[in-house]
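Enquirer: When you get a sec, could you give me coordinates for this:
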Amino acid sequence: MKSRITMNKNDKIFVAGSTGMVGSAIIRSLINQGFTNIIGTYRNRKPSLNRPEVQFFPVDLMDSKQVAAFFEEQKPDYVFDAAAKVGGIVANNLYRAQFLYENLVIQNNIIHQAYVAGVKKLLFLGSSCIYPKMAPQPIKESYLLTDTLEYTNEPYAIAKIAGLKMCENYNLQYGTNFIAAMPTNLYGPEDNYDLQNSHVLPALIRKFHEAKISNDPNVTIWGTGSPLREFMHVDDLAAACVFLMENYNENQFVNIGWGKDISIKDLATIVKEIVGFEGELVFDTSKPDGTPRKLLDVSLLLSIGFEPTISLRDGILNAYEDFLQKYA
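Expert: The predicted structure is shown next:
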């Protein structure tokens, strides 16, 4: 086992994907823990965050030359790679080639240039969709590549599997300290509430809010409501990422989640109560349910010493407040 890493408060830390939900949360966590030299990148519009601890640079992570120049000039000590093209079931299935190509290119550029620049440590973030569609529950890290993937998000999953294997094999060939973590379903501030491209929880928040405003008699939910899913507030994930950066140095990637799940019907009921929608739930059973259950085994994470703290109800309340401030 490699020796424990201690990040100094003034070490230069690059958060890739700094404009997204996960990257923003990692930056918040680092600032809250006293880190003062954080850098991020943006492709089109500079982020609105105005803090002395953070600097943003215009870099297209799809452009290998720009990424190489950025690493050479900035020389980050640590890298959190939360950059990805993401979306819900519809987007994953519609833009299959884009999800595969863009995610491969982005992560290849970042991971390789981290090696070239000699960064002390990198954390790569994947997704629980890397696991087989019908994996035994709860899902252990060892179940990777043991069966067929879910077809709708197979391209995204394959890209993420390639990323974690890239970290693993750079460690084996080059002696780098690149670790990887696989989060469960995430939600929270800076989430995507677009009904075509969002995940289930933010989509429910928007659906119930709009139905409330319009005084609709009901809200329709896809499927039977019986599938079980696990959800984690993005601030819990961010805290876990910083914890792993400082406390974990193994080749084995780590599941990050709560270790408990909830049915889509019960989830919808909680969102309905928090939003204050007084109509009825209608389940469109002509629509597919998807995987019956997806729950991560978080034994490894717990054994390292990390536990999440934000309950689902408190987290959804926080997410709804964020939605009201930015989108409603």
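Enquirer: hey, let's count contacts and neighbours off CA atoms from now on
Expert: Fine.
Enquirer: Count the residues that sit near the nearest residue to Arg293 once chain neighbours are set aside.
Expert: Nearest residue to Arg293, sequence neighbours excluded (Cα to Cα, 6 or more residues apart in numbering): Leu228, at 4.6 Å. Burial of Leu228, expressed as a neighbour count using other Cα atoms under 10 Å, amounts to 19.
Enquirer: Where does pLDDT dip in the chain?
Expert: Across the chain, the ranges flagged by pLDDT under 70 are 1-3, 87-90, 197, 328.
Enquirer: mind listing the helices in it by residue range?
Expert: With DSSP state H as the definition, the chain shows helices at residue ranges 21-32, 64-74, 89-94, 96-117, 154-174, 200-214, 234-247, 264-275, 299-304, 312-326.
Enquirer: what distance separates the second one from the centre of its chain?
Expert: For helix 64-74, the separation from the chain centroid amounts to 24 Å (computed by Cα atoms, centre = their mean, to the nearest Å).
Enquirer: Could you shift the numbering so residue one becomes 36, and keep it that way?
Expert: Understood, numbering begins at 36; the last thing we discussed is helix 99-109.
Enquirer: Could you list the buried residues of that helix?
Expert: Across helix 99-109, burial judged by 16 or more other Cα atoms under 10 Å covers 99, 102-103, 105-106.
Enquirer: If you count contacts, what does that helix end up packed against?
Expert: With contacts defined as 3 or more Cα pairs under 8 Å, 6 or more residues apart in numbering; DSSP states H and E, the secondary structure elements packing on helix 99-109 are helix 131-152.
Enquirer: Also the longest one?
Expert: Here helix 131-152 is seen to pack against helix 99-109, strand 113-116, helix 189-209 when contacts are counted using 3+ Cα pairs under 8 Å, 6+ apart.
Enquirer: sorry, back to before: so the residue nearest to Arg328 sits against Ser298, correct?
Expert: Yes: using Cα atoms under 8 Å, Leu263 and Ser298 qualify as a contacting pair, with a distance of 4.2 Å.
Enquirer: Gly325 is in contact with Trp257, correct?
Expert: No: at 10.0 Å, Trp257 does not count as touching Gly325 under the criterion of Cα under 8 Å.
Enquirer: So which of those two has more stuff around it?
Expert: Remark: of Trp257 and Gly325, Trp257 carries more neighbours, 15 against 12, as counted by other Cα under 10 Å.
Enquirer: Show me the beta-bridge partners of that one.
Expert: Using DSSP bridges, the beta-bridge partners of Trp257 come out as Asp319.
Enquirer: Can you name the residues that contact the residue nearest to the spatial centre of the chain?
Expert: Geometric centre of the chain, nearest residue: Val57, 5.4 Å, by Cα atoms, centre = their mean. The neighbours of Val57, taking Cα atoms under 8 Å, 6 or more residues apart in numbering as the test, are 117, 269, 272-273.
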